[in-house]
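*Asks:* give the three-dimensional model of this entry:
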Amino acid sequence: MKKLPFLKIYNVILWIILLTLPAQVESQSQATLIYLVRHAEKVDDSQDPPLSELGIKRALLLSIMLRDAELTHIHSTDLKRTRDTAGPIALLSGLDVQIYDPENLEEFASLLGSTPGRHLVVGHSDTTPKLVRLLGGESSEISDHEYDRLYVLILDPNGEATSTLIRFGQSLTGS
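*Replies:* Now for the predicted structure:
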């Protein structure tokens, strides 16, 4: 397998964490595991741009990271950049990408919370942190040039949330 140039040692640690999470969720009856990411880098700031070359690489990295996560659902807003971020893992997992309305995050959070399984949600810099908080997790605002966040939430059967923020791939924020 060709090694991606922006892969760092912390990504190895991330893979170990991600591979152990499904076992943790499996041990909790009817628990829900939700991975939330902002779309990968886009080519420009136009209305509905596709992913840039770096964005395509990040989407591929995400698919490699989540290929053994046993996803049961993939959700995306109906824009090229979000659908293209979800595309590689949808192809690997054989799942269809389900479109959600970012204007109805409360309703979508309720749906996620009541649907056991393993979900990937691809959103935006403004919707992803809000959705994490609506699900009971902790998040902060995402800057315009920040694409390396992966939130992992475990919702137990009682609705209690445990959230973890992991960084993946190349950081463009300087942090």
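*Asks:* the chain: strands as residue ranges?
*Replies:* Under the criterion DSSP state E, the chain contains strands at 32-38, 73-76, 97-99, 117-123, 149-155, 161-167.
*Asks:* make CSV from these and add mean pLDDT to it.
*Replies:* CSV is the format used below for the strands of the chain (pLDDT from 0 to 100):
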stretch, mean pLDDT
strand 32-38, 97
strand 73-76, 98
strand 97-99, 98
strand 117-123, 98
strand 149-155, 97
strand 161-167, 95
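*Asks:* mind putting these into JSON lines with distance to residue 111 and mean neighbour count?
*Replies:* C-beta: built from backbone N, CA, C; applies to glycine. Output for the strands of the chain, formatted as JSON lines (distance: least, C-beta to C-beta, whole Å; neighbours: other C-beta atoms under 10 Å):
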{"stretch": "strand 32-38", "distance to residue 111": "11", "mean neighbour count": "24"}
{"stretch": "strand 73-76", "distance to residue 111": "9", "mean neighbour count": "22"}
{"stretch": "strand 97-99", "distance to residue 111": "10", "mean neighbour count": "15"}
{"stretch": "strand 117-123", "distance to residue 111": "10", "mean neighbour count": "24"}
{"stretch": "strand 149-155", "distance to residue 111": "12", "mean neighbour count": "22"}
{"stretch": "strand 161-167", "distance to residue 111": "15", "mean neighbour count": "16"}
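*Asks:* nearest to residue 106, out of these?
*Replies:* Taking C-beta to C-beta, strand 117-123 is the member of these nearest to residue 106, at 14.0 Å.
*Asks:* now do that closest one against strand 32-38, angle only.
*Replies:* 20 degrees (axes from the mean of the first three to the mean of the last three C-alpha atoms, to 10 degrees).
*Asks:* returning to what we had before: can you lay out the strands of the chain as CSV showing distance to residue 64?
*Replies:* Converted to CSV, those look like this (distance: least, C-beta to C-beta, whole Å):
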stretch, distance to residue 64
strand 32-38, 13
strand 73-76, 15
strand 97-99, 18
strand 117-123, 13
strand 149-155, 13
strand 161-167, 14
